[in-house]
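>>> Provided below are the primary sequence and the corresponding predicted coordinates.
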Protein chains: 2
Amino acid sequence: MVCPVPTASDFERMLRGASLRVTAPRIAVLSAVHSHPHADTDSIIGVVRQNLGAVSHQAVYDVLRALTGAGLLRRIEPQGSVARYEARVGDNHHHVVCRSCGSIADVDCAVGAAPCLDASDDHGFVIDEAEVIYWGTCPECTTAAKSS
Amino acid sequence: MVCPVPTASDFERMLRGASLRVTAPRIAVLSAVHSHPHADTDSIIGVVRQNLGAVSHQAVYDVLRALTGAGLLRRIEPQGSVARYEARVGDNHHHVVCRSCGSIADVDCAVGAAPCLDASDDHGFVIDEAEVIYWGTCPECTTAAKSS
DNA sequence: TCGTTAACTTGACTCACTCCAGAAAAGACG
DNA sequence: CGTCTTTTCTGGAGTGAGTCAAGTTAACGA
């Protein structure tokens, strides 16, 4: 992480760096994802509207796609969950997902560079990334299950 | 794999082994998934209808869920794709997905038993499975990209 | 400041999937 | 074999994330 609490001008710089136009919805979406990691689209729309007032859901979808395509955001989509977005990009980290409540936490990649794993037999595929999802139970759900 | 070409009676045994009732749609779905690995629900419905005639999509969804819950099928759901099902269960293998055409191939797990990876920091989660998805380009799309 | 072009708004629409209520079939038991 | 109970199947309506399309607005370079 370069800066712990990015400001609007940081987001502006990121957008310009990706040769994207700087607009209020884009800054608001970037800010929302930075402050709410692993948020789904609906939550992001809610946060953006709190900051900006009326913003169409379509705009948020467009912005999310543009920023994901530009590499400023990363889209994650564990099974049985809607799409979620996070701002940590470029460090090839992975995720652990709670089977019970669906909460997500980051897990640093043990290797660091993509692809961090080699396939035993790649079937001729040219592999550029290995995505790892750990499935388990989060601390809250573990204690809740024990006490019940 | 116990048998390379399972027959209807094999499927019947599998169903009884999971204490599930033996019905024609279930056998047809099992057979369809065995002969079309990584097929999506729609394709499965098509194959089942070729064999049985009219079967409601609801029945296929129910059967797929019942068989998945019983551990006879495995549901996989890579990003940007609809749910797919496969018959290889219990060997904790992984998948490689083509970014270009979406095709999926199996990759044997290098370790063998779940979870085959340890997280560097598990945040207190109790992890029982590590799912790996390799992203890349399949041989067909690689040659197609070169020749264009 | 102006024109171009990308971005946003609005609203309808798609598609995978689910829910529901009633009809039909499978398995258990006498 | 015949009846009863439970599970499954049918058909249709419904849900919700996400997309498409046409028109308007606003960013940015000249």
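Good, I have the coordinates. The model shown is predicted, which means the values in this text are computed figures rather than measured ones. Numbering: from 1, shown residues only, chains lettered A, B, ... in the order given.
>>> just the terminal-to-terminal distance for stretch A:91-100.
27 Å (CA to CA, to the nearest Å).
>>> dump the top helix by length along chain A to CSV, restricted to CA.
Using DSSP state H to define each element, chain A has its longest helix at helix A:57-70. Extracted in CSV, the C-alpha atoms of helix A:57-70 (Å, rounded to 0.1, in the frame of the first residue of the first chain):
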residue,chain,number,x,y,z
HIS,A,57,-26.9,2.2,-11.0
GLN,A,58,-25.9,2.0,-14.6
ALA,A,59,-23.2,4.6,-14.0
VAL,A,60,-21.8,2.6,-11.1
TYR,A,61,-21.8,-0.6,-13.2
ASP,A,62,-20.0,1.2,-16.0
VAL,A,63,-17.5,2.8,-13.7
LEU,A,64,-16.8,-0.5,-12.0
ARG,A,65,-16.2,-2.2,-15.3
ALA,A,66,-14.0,0.7,-16.6
LEU,A,67,-11.9,0.7,-13.4
THR,A,68,-11.6,-3.1,-13.4
GLY,A,69,-10.5,-3.0,-17.0
ALA,A,70,-8.0,-0.3,-16.2
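>>> can you pull out the strands in chain A?
In chain A, strands defined by DSSP state E lie at A:39-40, A:74-76, A:84-86, A:94-98, A:104-107, A:126-137, listed in chain order.
>>> just put those in JSON lines and tack on mean pLDDT and mean neighbour count.
Quick note: C-beta positions are derived from backbone N, CA and C, even for glycine. Putting the strands of chain A into JSON lines (pLDDT from 0 to 100; neighbours: other CB atoms under 10 Å in any protein chain shown) gives the following:
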{"stretch": "strand A:39-40", "mean pLDDT": "94", "mean neighbour count": "17"}
{"stretch": "strand A:74-76", "mean pLDDT": "94", "mean neighbour count": "16"}
{"stretch": "strand A:84-86", "mean pLDDT": "95", "mean neighbour count": "21"}
{"stretch": "strand A:94-98", "mean pLDDT": "91", "mean neighbour count": "23"}
{"stretch": "strand A:104-107", "mean pLDDT": "90", "mean neighbour count": "20"}
{"stretch": "strand A:126-137", "mean pLDDT": "88", "mean neighbour count": "19"}
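>>> in TSV, list those along with distance to DNA strand D.
TSV is the format used below for the strands of chain A (distance: least, CB to the nearest atom of the strand, whole Å):
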stretch	distance to DNA strand D
strand A:39-40	6
strand A:74-76	8
strand A:84-86	8
strand A:94-98	16
strand A:104-107	15
strand A:126-137	17
